[in-house]
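Asks: Predicted model and sequence follow; I will ask about them next.
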Number of protein chains: 2
Amino acid sequence: MSIRDVAKEAGVSPATVSRVLNNSGYVHEDTRKAVLQAVKKLNYKPNEVARSLYKGKSKLIGLVLPDITNPFFPELARGVEDYLQKKGYRLLLGNGDGKQQKEIDYLDTFVQHNVVGIIASVDNVDYDFLSNMNIPIVMLDRIVKDLPAVYSDQFQGGSLAAEKLLERGCKEITLVRGPMNIHPVYERFQASLAVLQEANVKVNKIDSNLSFNGAKCRAKELFEKYPDSDGIIACNDIVAVAILHEALRRGRKVPEDVQIIGFDDISISELVYPGLSTIHQPIYQMGSKAAELLLKEIHNEKLDSKRYKFSCSFVERETTKKVGD
Amino acid sequence: MSIRDVAKEAGVSPATVSRVLNNSGYVHEDTRKAVLQAVKKLNYKPNEVARSLYKGKSKLIGLVLPDITNPFFPELARGVEDYLQKKGYRLLLGNGDGKQQKEIDYLDTFVQHNVVGIIASVDNVDYDFLSNMNIPIVMLDRIVKDLPAVYSDQFQGGSLAAEKLLERGCKEITLVRGPMNIHPVYERFQASLAVLQEANVKVNKIDSNLSFNGAKCRAKELFEKYPDSDGIIACNDIVAVAILHEALRRGRKVPEDVQIIGFDDISISELVYPGLSTIHQPIYQMGSKAAELLLKEIHNEKLDSKRYKFSCSFVERETTKKVGD
């Protein structure tokens, strides 16, 4: 349905339809009525994009995430979307899957589809590419040089996880390390490791990806390779939940025999039994703040800072001992 | 960045830039070079939307879902997106939250943003509105009169849940009923109820919403109101997991004392302990099929059928007894 269909129906030129819809220029009253009748008959919606394109602007924002089926990201995406929705913007969504080609393809085609800004949580696109896009951009849960970015303090969160297990008497701690090319995952791991290496405890490492399926296998491997672990720091909550249930399956008592800490505090952490102790990131707020920063950029408002860093906090549930136990 | 910026940079008119980019009409070779140089310098991406708008087409598809933070929907959305991505289409996403105003607002603004088709999982928008949009549309996980629709067989799935608990010897079965205005939730409940009413068992009903937070409260209420339930059919897996963990908290043995069946088979069902027995819906495939049908509509290809119904199946894990036990 285009302005030309309306023009055809009304028996006038597209330019006349445009003048009527925009209330600009002279149009004879009978012609005006004919156009409005055609608009009504065809249920034509004056096209915001067509108008905004003329001014060089749409109301579209592009969001590129790793994978919406990882439960961290729906919450992040809702934070973005709810803020944009209130401000009249609409969201184009793409999953990059950690693949450079997909990440670039989404970024490129979003720009071609005339988005006015981009929020990116990508791992394989460099600073040159991103800054050459010539479009307002905010990195989310990722940092790329001096591009505006919203994230939480992975270093503090990773340290916290290690400190909490040390306080609770763990002597052999296994770190389940996620993919090291994902910056926040790298940073939280390094921070935990640094704290543990300063302490008088045995430290093991095991690698995992961040998905449901990967986590299940790694959980089995963990208990076979390091059966004496009395503390486990998982790279995210999904992995922690997989480890928790594998521990229960093997008859290990949680937290008496083995204490487990996750990362993220996704909804499911509260729902499992025993409830998962974890490092909380304000996921929804991060998404919302990224949208806020981006709209400020788009409207050329002054940013107090190009970076917005949230603090992490320890959420004590049932997979860690109470201090003093 | 618009065609006018390129024109300014090259010192020519926007129409000339357009002729160069579209290879249409005569342009002097020097002028052509100047334009291409300006395109390169400004990193201008020829605007697919601007071009496609002229032809009355974009490559945008709108998807309106209830809530992406409910784990059923990310999987559904990925099914849609993966199919569209392969075909060069891009996805506009909106969460309707079961509110008519949001559902209508997203549908309207998606059309205004020139989407070429819509996939809708909405509960409060009627046939007249949807069919008057004059745009290819596919209902997903929802049925509205004769509009094209992709869904799974809730009647069969709901019956199956009840049959499996009866086969496993349950004598007092509690149905946890979701919001009755959500058609598939209504249908699966009615189907379970019909099977149970034919059998010689006590049947209880309790209401719940479909979210993490709602489910936690309802789980407590369930065991207080109906402590003798030996079988529970939950309206979805989220609710089932909340009930499972509440049962364990209360020292009830699962499946010995109480058997639990969920609905959907979202990823988390496999990850909890004990693993959740549930009714499987092919969620990802449903999303993918909806995208396929919609593109066929858009390209005026003949549909074998306007309806595509998937079968459900019982996934036996650890919250139900083995038959013969």
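Replies: Received it, and whenever you're ready, just let me know what you need.
Asks: Show me the strands in the stretch 51-200 of chain A, by range?
Replies: Taking DSSP state E, counting those that start in this stretch to define them, one finds strands in the stretch 51-200 of chain A at A:60-65, A:90-95, A:117-120, A:137-140, A:149-152, A:172-177.
Asks: Ok, the stretch 201-325 of chain A next?
Replies: Counting by DSSP E, counting those that start in this stretch, the stretch 201-325 of chain A has strands at residues A:202-207, A:231-233, A:259-264, A:277-280, A:307-310, A:313-315.
Asks: Check whether stretch A:198-209 comes into contact with chain B.
Replies: No - against chain B, stretch A:198-209 shows no contacts by C-beta under 8 Å from any C-beta of the partner chain, the least distance being 13.6 Å. In this view, the C-beta of every residue, glycine as well, is placed from N, C-alpha and C.
Asks: what does that stretch rub up against?
Replies: With contact meaning C-beta atoms under 8 Å, 6 or more residues apart in numbering or on different chains, stretch A:198-209 is reached by A:162, A:166, A:170-179, A:193, A:196-197, A:214-215, A:218, A:221-222, A:225-226, A:229, A:234-235, A:239.
Asks: hmm, back to that, nearest to A:His245, out of the strands of the stretch 201-325 of chain A?
Replies: A:His245 sits nearest to strand A:259-264 of all the strands of the stretch 201-325 of chain A, at 10.3 Å, using C-beta to C-beta.
Asks: The closest one near chain B at all?
Replies: No - using C-beta under 8 Å from any C-beta, strand A:259-264 never reaches chain B; the gap is at least 12.6 Å.
Asks: What lies in contact with that strand?
Replies: Outside strand A:259-264, the residues touching it (C-beta under 8 Å, 6+ apart) are A:72, A:157-158, A:161, A:164-165, A:168, A:170, A:188, A:230-237, A:239-241, A:243-244, A:247, A:254, A:269, A:276-281, A:283, A:319-321.
Asks: count of neighbours near A:Pro14?
Replies: For A:Pro14, the number of neighbouring residues by other C-beta atoms under 10 Å in any protein chain shown comes to 14.
Asks: who's in contact with it?
Replies: Applying C-beta under 8 Å, 6+ apart, we find A:Pro14 in contact with A:3-4, A:6-7.
Asks: Model confidence for the spatially closest residue to A:Ser269 that is not a sequence neighbour, exactly?
Replies: Once flanking residues are discounted, A:Ser269 sits nearest to A:Leu276: 4.1 Å by C-beta to C-beta, 6 or more residues apart in numbering or on different chains. The confidence metric pLDDT takes the value 96 at A:Leu276.
Asks: measure A:Leu276 to B:Lys41 for me?
Replies: Going from A:Leu276 to B:Lys41 by C-beta to C-beta, to the nearest Å gives 53 Å.
Asks: Between these two, which is the more surrounded one?
Replies: Per other C-beta under 10 Å, whichever of A:Leu276 and B:Lys41 has more neighbours is A:Leu276, with 28 against 11.
Asks: which of the contacts of A:Pro14 lies closest to chain B?
Replies: Proximity of the contacts of A:Pro14 to chain B (C-beta to the nearest C-beta) peaks at A:Arg4, which lies at 7.3 Å.
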